[in-house]
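Engineer: Below are the sequence and a predicted model; questions follow.
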Amino acid sequence: LPFLSMLVWKWAYYAPNTYKELKLQEMRTKKIPLPEGFDPQKPLTLGDLVAGEGQGVLSLTELMTKVMGPYFIFRFFLLPLPLIFFGPAF
C-alpha cells in the first residue's frame, strides 16, 4: 500500500489541492465570495472532486482539462511521438 501511495500521491492529493489553492487565491483577488459551506482549510483531493465536493470553486472536468490532461497529453503522447521515426525498438 505505501508503494501505491507513492505512485498516486501527486495526482490524487497534490495536484487537486494545489489547483484549489490557486482558484481560491483568484477568487480572493477578484473579491468573489466562497460558496456556502465550503471550507478553504480542508484539503480537496481527487476523491473529493469525484464525490462532487468543491462545487463553485473547481470541478473534476476543469481539473482534468486544465491541469492533468495537458500534462498527460504532452508527457505521454507528444513528447515520445518523434521516437516513432526510429522504429519499433523504441
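Structural biologist: Ah, there it is.

Engineer: Helices of the chain, start to end?
Structural biologist: Taking DSSP state H, the helices of the chain run over residues 2-9, 15-29, 46-50, 60-63, 69-73.

Engineer: can those helices go into JSON lines with extra columns for distance to residue 36 and mean pLDDT?
Structural biologist: C-betas here are computed from N, CA, C, even on glycine. Formatted as JSON lines, the helices of the chain follow (distance: least, C-beta to C-beta, whole Å; pLDDT from 0 to 100):
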{"stretch": "helix 2-9", "distance to residue 36": "31", "mean pLDDT": "88"}
{"stretch": "helix 15-29", "distance to residue 36": "14", "mean pLDDT": "96"}
{"stretch": "helix 46-50", "distance to residue 36": "17", "mean pLDDT": "93"}
{"stretch": "helix 60-63", "distance to residue 36": "20", "mean pLDDT": "94"}
{"stretch": "helix 69-73", "distance to residue 36": "29", "mean pLDDT": "94"}
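
Engineer: Dump those helices into a markdown table; add distance to residue 83 and mean neighbour count as well.
Structural biologist: As requested, the helices of the chain are exported to a markdown table (distance: least, C-beta to C-beta, whole Å; neighbours: other C-beta atoms under 10 Å):
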| stretch | distance to residue 83 | mean neighbour count |
| --- | --- | --- |
| helix 2-9 | 24 | 9 |
| helix 15-29 | 26 | 15 |
| helix 46-50 | 30 | 16 |
| helix 60-63 | 29 | 15 |
| helix 69-73 | 16 | 12 |
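
Engineer: Residue 18 and residue 64: what is the separation?
Structural biologist: From residue 18 over to residue 64 the distance is 15 Å, taken as C-beta to C-beta, to the nearest Å.

Engineer: same thing with residue 38?
Structural biologist: 20 Å.

Engineer: Equivalent analysis for residue 37, please.
Structural biologist: From residue 37 across to residue 64, the span is 24 Å (C-beta to C-beta).

Engineer: Check residue 85 too.
Structural biologist: For residue 85, the distance to residue 64 - C-beta to C-beta - is 30 Å.
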